[in-house]
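Novice: Next come a sequence and a model predicted from it.
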Amino acid sequence: HLSSLNANRLCRTLIADQSMLGYVEGVQRPEREEGVDTLTHQKWSGADLIDRTLQTMYGVGFSTAIQGEECTENQFGAKK
């Protein structure tokens, strides 16, 4: 119920009024402030395993690498 309620609130208020900025301000920044570990969720999803598999098949620097330079895992890790 908590997940559904929060998703509903997010859609009605944050996203409708502010688009992606609403998501950043209403969700990601508070996650960062409270030290929510899943802010950088790629490590929980197995993204590194997929990247290693794709790099083995297609070579290092595969252009759609999930854990590439610009992934959110690196963006949120940049500021402490």
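Specialist: Everything's here; your move. Residues are numbered from 1 along each chain as shown.

Novice: Which helix runs longest in this structure?
Specialist: Ranked by residue count and defined by DSSP state H, the top helix of the chain is helix 47-58.

Novice: which intervals of the protein have sub-threshold pLDDT?
Specialist: The chain contains residues with pLDDT under 70 at 15, 60-80.

Novice: residues of stretch 29-40 that come out buried?
Specialist: By 16 or more other Cβ atoms under 10 Å, the buried positions in stretch 29-40 come out as 31, 39-40. Heads up, the C-betas are built off the backbone N, CA and C, glycines and all.

Novice: Okay, helices next: where are they in this structure?
Specialist: Using DSSP H, helices in the chain cover 2-9, 16-18, 20-23, 29-34, 42-45, 47-58, 72-78.

Novice: Alpha carbons only: can I get the first one in CSV?
Specialist: Included here for helix 2-9 are C-alpha records, laid out as CSV according to Å, rounded to 0.1, in the frame of the first residue of the first chain:
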residue,chain,number,x,y,z
LEU,A,2,2.8,2.4,0.8
SER,A,3,4.4,2.0,-2.6
SER,A,4,1.1,2.5,-4.4
LEU,A,5,0.3,5.6,-2.3
ASN,A,6,3.6,7.1,-3.0
ALA,A,7,3.5,6.4,-6.7
ASN,A,8,0.1,8.0,-6.9
ARG,A,9,1.3,11.1,-5.0
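
Novice: distance between it and the chain's centre?
Specialist: Its chain's C-alpha centre and that of helix 2-9 lie 18 Å apart, by Cα atoms, centre = their mean, to the nearest Å.

Novice: name the helices or strands packed onto that helix?
Specialist: Under the contact criterion of 3 or more Cβ pairs under 8 Å, 6 or more residues apart in numbering; DSSP states H and E, helix 2-9 touches no helix or strand at all.

Novice: ok, the residue nearest to G26 when sequence neighbours are not counted - contacts?
Specialist: Leaving aside its sequence neighbours, G26 sits nearest to L14 (Cβ to Cβ, 6 or more residues apart in numbering; 4.2 Å). L14 makes contact with 22-23, 25-27 under the criterion Cβ atoms under 8 Å, 6 or more residues apart in numbering.
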